[in-house]
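S.K.: sequence plus the predicted model coming up.
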Amino acid sequence: MAFGAQLAAAMDRHGPLCVGIDPHAGLLAAWGLPDTADGLRAFSDAVLDAAAGGCAAVKPNAAFYERHGSAGVAVLEHVLGRSRELGLLTVLDAKRGDIGSTMQGYAESYLVPGAPLEADSVTVSPYLGFGSLKPALDLAAEHGKGVFVLALTSNPEGASVQHAIAPDGRAVAAVVADEAAAINSGAEPMGDIGLVVGATVGDAVHRLGIDLDRVNGPLLSPGVGAQGAGPAELSLVFGNAKARVLVNQSRGVLSAGPDVERLRTAVLDASAAAASILR
Ligand SMILES: O=C(O)c1cc(=O)[nH]c(=O)n1[C@@H]1O[C@H](COP(=O)(O)O)[C@@H](O)[C@H]1O
């Protein structure tokens, strides 16, 4: 089954929450864990135990694993493999973007079955030109994987690039959305190419003339919780495209740890809250 269909089924079953696995040094300390690969592993396993069966997907952020070098990357491999065993879809948050054969290399790292870092989907940056993503889009299509393309990011600095007007008069983020829509066109229940649209972007979607419903793909939305967005912001940003929104929460859920039962309650509460806004 293709990624879009798998994610739609997981969201129907478990609700529209993605739990971000972001083992910040500060969170490791708050959990009483060492800032080492062993600490990362204990942290990640607790999050997976709490998340399994309680949300649609998990999003390990590669940065927090890579800062521990090869030992950290080995933990990331473990997280991706264990998620698969637990039936949790993975969004590997690597925000990759490069050209030609280098993009091909990144795509082969994450989107080929059996690769050590195989994930169900990966985040990518289109800001070397949407066409530079072709190797990842092609491999995803070949192997039933997904790609989440950064469109309107949750950080305030993103606007200087993403709101800029392209030579044809469209905003840069609108070009990204149109490219994704063209690939997803006609897919049922939705396509495999998602967008990242922060819940903190206010009226930008509307102002830039972006039709998120027409994208016909999953809309990964970080920014809820620790970055300040809540129900009102989600409603403002997503309007009639709410049904395909996958809300990410990292610190908002992770701060309930290290106790797995308390974490589990936080996952279920966040999932129910997201469902009540988006359904
Ligand atoms: O691609 C992302 O996931 C992402 C895009 C974006 O625009 N903003 C954003 O915060 N993220 C990621 O989403 C997570 C947000 O974490 P919290 O703010 O703790 O919920 C981090 O892993 C960020 O890297």
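M.R.: Arrived safely.
S.K.: elements contacting whatever helix or strand residue 90 lives in?
M.R.: Using DSSP states H and E, residue 90 maps to strand 89-96. With contacts defined as 3 or more C-beta pairs under 8 Å, 6 or more residues apart in numbering; DSSP states H and E, strand 89-96 has these neighbours: helix 3-14, strand 57-60, helix 62-66, helix 69-86, helix 100-110, strand 121-124, strand 146-152. For the C-beta atoms, the positions are set from N, CA and C on the backbone; glycine is no exception.
S.K.: by contact count, what packs against the last one?
M.R.: Packing contacts for strand 146-152, counted by 3+ C-beta pairs under 8 Å, 6+ apart, involve helix 3-14, strand 89-96, strand 121-124, helix 134-143, helix 172-184, strand 193-197.
S.K.: C-terminal to the first one, what's the next element?
M.R.: I take that to be helix 3-14. Of the helices and strands lying after helix 3-14 in sequence (DSSP H and E), the nearest is strand 17-21.
S.K.: thinking again about what came up before, just want the angle from the strand holding residue 90 to strand 146-152.
M.R.: Computed by axes from the mean of the first three to the mean of the last three C-alpha atoms, to 10 degrees, the angle separating strand 89-96 from strand 146-152 equals 50 degrees.
S.K.: pLDDT of stretch 170-182, averaged?
M.R.: Stretch 170-182 comes out with an average pLDDT of 98.
S.K.: related to what we said a few turns ago, between the helices and strands packed on strand 146-152, which one is nearest to residue 263?
M.R.: helix 3-14 (15.6 Å; C-beta to C-beta).
S.K.: please state the offset of the closest one from the chain centre?
M.R.: Relative to its parent chain, helix 3-14 has a centroid offset of 14 Å by C-alpha atoms, centre = their mean, to the nearest Å.
S.K.: so which residues make contact with it?
M.R.: 1, 53-57, 89, 120-121, 140, 144-146, 184, 187-192, 217-218, 246, 271 (C-beta atoms under 8 Å, 6 or more residues apart in numbering).
S.K.: kindly report the same for stretch 244-255.
M.R.: 7, 11, 16-22, 24, 27, 30, 47, 56-57, 59, 61, 190, 194, 199, 212, 215-222, 224-226, 234, 238, 263, 266-267, 270, 274, 278.
S.K.: among the residues you listed, name the buried ones.
M.R.: Buried by 16 or more other C-beta atoms under 10 Å: 7, 11, 16-22, 24, 27, 47, 56-57, 59, 61, 190, 194, 199, 212, 215-222, 224-226, 234, 238, 263, 266-267, 270, 274, 278, out of those.
S.K.: my guess is residue 178 contacts residue 170, does it?
M.R.: Yes. With contact defined as C-beta atoms under 8 Å, residue 178 and residue 170 form a contacting pair (7.2 Å).
S.K.: got the residues of the stretch 151-279 of the chain near the ligand?
M.R.: The stretch 151-279 of the chain comes close to the ligand at residues 153-154, 196, 198, 222, 225-227, 248-252, as judged by C-beta under 6 Å from any ligand atom.
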